[in-house]
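[1] attaching a predicted model along with its sequence, questions to come.
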Amino acid sequence: MDNIHNEIADHMMQHDAFSKWLGIEVLEIKEGSCKLRMKIREEMTNGFYVSHGGIIFSLADSALAFACNSRNNLSLAMDCNISFLKQVNVRDELTAEATEIHNGKSTGVYSITVTNQNNQQVALFKGTCFRTGKNLV
């Protein structure tokens with residue numbers, strides 16, 4: 001990560017209590033993309049003792065946030081959807097990789113792939129963000 005991307009990632013993590021609670025680690029952030037990782041804990045499971053879908057959605061949503069804010073243009077999610085492809089269990093380590101599909105003046109569109117420690121896709125997420133035109137840092 002270069003200096004501005006480090007600054008953006010640090011700023012976002014300092015102010016994001018939920019991503020910190022999730023245990024998200026920023027592996028990489030570049031213009032229009034990022035890679036995040038986290039481990040599924042027991043308190044993240046549902047009544048079937050598998051990861052709650054909201055946890056996987058939240059990881060992908062955080063990847064959207066880091067990727068769409070990577071140009072230091074404060075951006076907010078305005079539409080997101082997810083497809084769950086594979087069961088996620090306690091102690092699974094998930095990686096979310098965001099790729100920019102569209103970089104417009106007022107919107108951006110991103111594809112986020114979530115994989116487990118075996119490099120198996122567990123979810124596909126697509127998010128659209130609104131760009132405010134204000135600097136994040």
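    Right, received. Where do you want to start?
[2] quick one, helices of this structure?
    Ranges of helices within the chain are 3-14, 17-22, 53-68, based on DSSP state H.
[3] can you dump the C-alpha atoms of the shortest one in PDB for me?
    If I follow you right, that is helix 17-22. Listed in PDB are the C-alpha atoms of helix 17-22, where the atom choice follows Å, rounded to 0.1, in the frame of the first residue of the first chain:
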ATOM      1  CA  ALA A  17     -16.000  -0.200  15.400                       C
ATOM      2  CA  PHE A  18     -17.900  -3.000  13.600                       C
ATOM      3  CA  SER A  19     -15.100  -3.900  11.200                       C
ATOM      4  CA  LYS A  20     -12.800  -4.000  14.200                       C
ATOM      5  CA  TRP A  21     -15.200  -6.300  16.100                       C
ATOM      6  CA  LEU A  22     -15.400  -8.600  13.000                       C
END
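[4] okay, the helices of the chain in a markdown table with distance to R37 and mean neighbour count next?
    (C-beta placed from N, C-alpha, C; glycine too.) Formatted as a markdown table, those follow (distance: least, CB to CB, whole Å; neighbours: other CB atoms under 10 Å):
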| stretch | distance to R37 | mean neighbour count |
| --- | --- | --- |
| helix 3-14 | 13 | 15 |
| helix 17-22 | 10 | 14 |
| helix 53-68 | 9 | 22 |
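[5] let me have these in JSON lines, extended by mean pLDDT and distance to R91.
    Putting these into JSON lines (pLDDT from 0 to 100; distance: least, CB to CB, whole Å) gives the following:
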{"stretch": "helix 3-14", "mean pLDDT": "92", "distance to R91": "23"}
{"stretch": "helix 17-22", "mean pLDDT": "95", "distance to R91": "15"}
{"stretch": "helix 53-68", "mean pLDDT": "98", "distance to R91": "13"}
